[in-house]
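**Q** after the sequence you'll find the predicted model.
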Amino acid sequence: MTPRPYQLIGRDFLAARTRALLADQMRVGKTPQAIMAADMVGAERVLVLCPAIAAYQWREQWAEWSDRAPAVILGKDTPPTGFKGVLVTSYNRALLHSAALTAAPKWDALIVDEAHFAKNPAAQRTQFVYGKGGVGWNSKRIWALSGTPAPNHAGELWPMLRAFGAVKCDYLSFVRHFCHYSDLERRVFGNKRHRLGELRALVEPIALRRTLREVAPDMPRVAYNMLAIESRGVDYRSDVRDEIKDDDRIAVALAKTKPLATEITECLERGDYQQTVVFGFHVEPLKEMVRLLAARGVSADTITGGTSLPKRETIQAAFRAGACQVLVAQIIAAGTAIDLSSAQHGYLLELDWNPANNAQAAHRLVNVQTQDPVTIDVLTAPGTMDDRVQRTLLRKVRDAVFKT
């Protein structure tokens with residue numbers, strides 16, 4: 001693979017530091033930058049901690065960006081004593097083998113992927129990564145990767161900042177200074193806006209963040225379009241969003257599957273595209289989509305939160321190879337650790353209430369190595385409550401992307 005100039009900057013940033021946070025926006029390509037940095041510093045023993053669903057993605061990325069083949073430990077396998085090379089494992093699996101992973105010799109580099117998974121200072125996972133005697137203590141370098149290192153409040157940065165030596169105070173002192181904290185409820189209620197400048201100055205020496213717009217200004221943004229379908233049978237029983245029940249949402253999504261299956265079949269026959277992705281929230285409509293497409297002779301498969309890791313990997317490989325024409329996926333399940341950039345088109349059958357989840361899933365079709373535009377069609381039934389909900393959520397998606 002040929003790195004872009006900004007990826008070389010990220011590589012050099014990590015390589016020059018023993019403690020660093022790479023906070024680039026999703027799809028900018030944090031993984032290859034970390035891989036190149038590990039090779040640049042000559043790290044012989046590398047440990048990658050990541051969510052389980054990302055492990056196979058790391059294995060493939062390492063093969064593309066380096067000449068080393070990493071070992072992946074997810075099942076009942078035990079890390080070999082004195083392992084030399086690249087070892088990829090999940091947070092949960094690492095905890096089961098904490099003694100082996102924290103034993104000598106030290107890791108030359110510890111890469112903490114989706115570092116916000118280790119944001120709770122009281123959690124066993126966080127203590128294993130950053131705490132005294134944990135795997136971080138047994139590593140010469142710690143490189144944290146996350147596009148959202150503090151998704152809820154500044155206090156979630158404390159475990160990493162303390163481990164990196166950027167702060168000396170305890171957790172409560174930190175959150176009381178930077179956040180609105182209730183001693184009575186022992187809860188954090190957001191950040192103190194007037195302290196954000198101070199927080200940025202604290203993080204800046206160890207962190208690098210670029211947005212997709214900054215590093216690839218020539219790449220078209222994801223274009224969202226409303227795709228109107230027949231409104232018959234497509235609506236909720238309530239016109240108040242807070243009263244819309246899951247059963248209603250499932251029924252509405254199911255009513256959209258038949259016209260969408262027809263649309264996809266016709267587009268494939270016309271050659272409008274060779275592949276597409278269908279995103280949805282509930283499992284039942286997604287399974288119905290696959291059934292309807294199969295009945296029309298279209299090769300399709302589905303990834304949901306219940307899809308096993310080996311099957312997920314097999315489906316992804318088939319999609320990348322073009323053997324699968326349509327990937328039908330849950331928004332959250334397809335929002336991380338997946339590359340869908342072999343398709344430049346997708347559909348949103350139904351949107352998640354959280355606009356960031358929708359935007360994250362859609363951007364899985366973006367490929368920073370090309371300039372291919374990405375189009376997402378949002379299914380809507382004009383004149384219905386569903387139409388109002390879809391348009392409101394889509395506006396929030398656009399706002400979320402613009403503010404990123």
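**A** Okay, I see it. Quick caveat, the model's predicted, so the values are computed rather than measured. Residues are numbered from 1 along each chain as shown.
**Q** could you check how far the residue positioned nearest the centre of the chain is from Ala329?
**A** Nearest to the mean C-alpha position of the chain, by CA atoms, centre = their mean, lies Thr336 at 2.7 Å. Going from Thr336 to Ala329 by CB to CB, to the nearest Å gives 12 Å. Quick note: C-beta positions are derived from backbone N, CA and C, even for glycine.
**Q** now do the strands in the stretch 1-150 of the chain.
**A** For the stretch 1-150 of the chain, strands defined by DSSP state E, counting those that start in this stretch occupy the ranges 19-22, 45-50, 71-73, 85-90, 109-113, 142-145.
**Q** what's the average pLDDT for the last one?
**A** pLDDT averaged over strand 142-145 equals 98, rounded to a whole number.
**Q** tell me which strands it pairs with, and in which orientation.
**A** Applying DSSP bridges, strand 142-145 is found paired with strand 19-22 (parallel), strand 109-113 (parallel).
**Q** switch those over to a markdown table; also include mean neighbour count and distance to Asp67.
**A** Converted to a markdown table, the strands paired with strand 142-145 look like this (neighbours: other CB atoms under 10 Å; distance: least, CB to CB, whole Å):
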| stretch | mean neighbour count | distance to Asp67 |
| --- | --- | --- |
| strand 19-22 | 24 | 22 |
| strand 109-113 | 27 | 16 |
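**Q** quick one, which of the ones you listed is nearest to Ser342?
**A** Closest approach to Ser342 among the strands paired with strand 142-145 is made by strand 109-113 (22.5 Å; CB to CB).
**Q** who's in contact with that closest one?
**A** Here strand 109-113 makes contact (CB atoms under 8 Å, 6 or more residues apart in numbering) with 30-31, 34, 37-38, 41, 43, 45-51, 54, 58, 118, 129, 135-136, 139-146.
**Q** which phi and psi does Ala216 have?
**A** phi -140, psi 70 (degrees, to the nearest 10).
**Q** got a list of what it touches?
**A** Ala216 makes contacts with Arg4, Val28, Val368, as judged by CB under 8 Å, 6+ apart.
**Q** tabulate those residues in TSV, adding columns for neighbour count and distance to His345.
**A** Shown next, in TSV, are the contacts of Ala216 (neighbours: other CB atoms under 10 Å; distance: CB to CB, whole Å):
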residue	neighbour count	distance to His345
Arg4	17	24
Val28	26	22
Val368	17	18
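**Q** point out the least confident one among those residues.
**A** Val368 (70).
**Q** let's verify that residue: helix, strand, or coil?
**A** At Val368 the chain is in coil, as set by DSSP: H, G, I helix; E, B strand; the rest coil.
**Q** which one of the strands of the stretch 1-150 of the chain has the poorest average confidence?
**A** Mean pLDDT values for the strands of the stretch 1-150 of the chain show the minimum at strand 71-73, a mean of 90.
**Q** now for that one, which elements pack on it?
**A** helix 55-65, strand 85-90 (3 or more CB pairs under 8 Å, 6 or more residues apart in numbering; DSSP states H and E).
**Q** which parts of stretch 51-71 are buried?
**A** By 16 or more other CB atoms under 10 Å, the buried positions in stretch 51-71 come out as 53-62, 65-66, 70.
**Q** with stretch 277-287 instead?
**A** Buried residues in stretch 277-287 (16+ other CB under 10 Å): Val277, Val278, Phe279, Gly280, Phe281, His282, Pro285, Leu286, Lys287.
**Q** again with stretch 141-155
**A** For stretch 141-155, a neighbour-count test (16+ other CB under 10 Å) marks 141-150, 153-155 as buried.
**Q** could you do stretch 184-197 as well?
**A** Val188, Asn191, Lys192.
**Q** run through the bridge partners of the first one.
**A** It refers to Val188. Tyr181.
**Q** surely it is in contact with Leu157?
**A** No. In this structure, Val188 is not within contact of Leu157 by CB atoms under 8 Å, at 11.9 Å.
**Q** touching, Gly280 and Val328? I think so.
**A** Yes. With contact defined as CB under 8 Å, Gly280 and Val328 form a contacting pair (7.3 Å).
**Q** any shared contact partners between the two?
**A** Leu286, Met289.
**Q** what about Arg200, how many residues nearby?
**A** 10 (other CB atoms under 10 Å).
**Q** for the chain, give me the ranges with low pLDDT.
**A** 27, 53, 218-220, 231, 238-242, 371, 400-404 (pLDDT under 70).
**Q** which parts of it belong to which domain?
**A** The chain breaks down into these domains under automatic domain parsing: 5-215, 223-403.
**Q** for the first one, the distance to its chain's centre please.
**A** Here domain 5-215 shows a centroid-to-chain-centroid distance of 14 Å under the convention CA atoms, centre = their mean, to the nearest Å.
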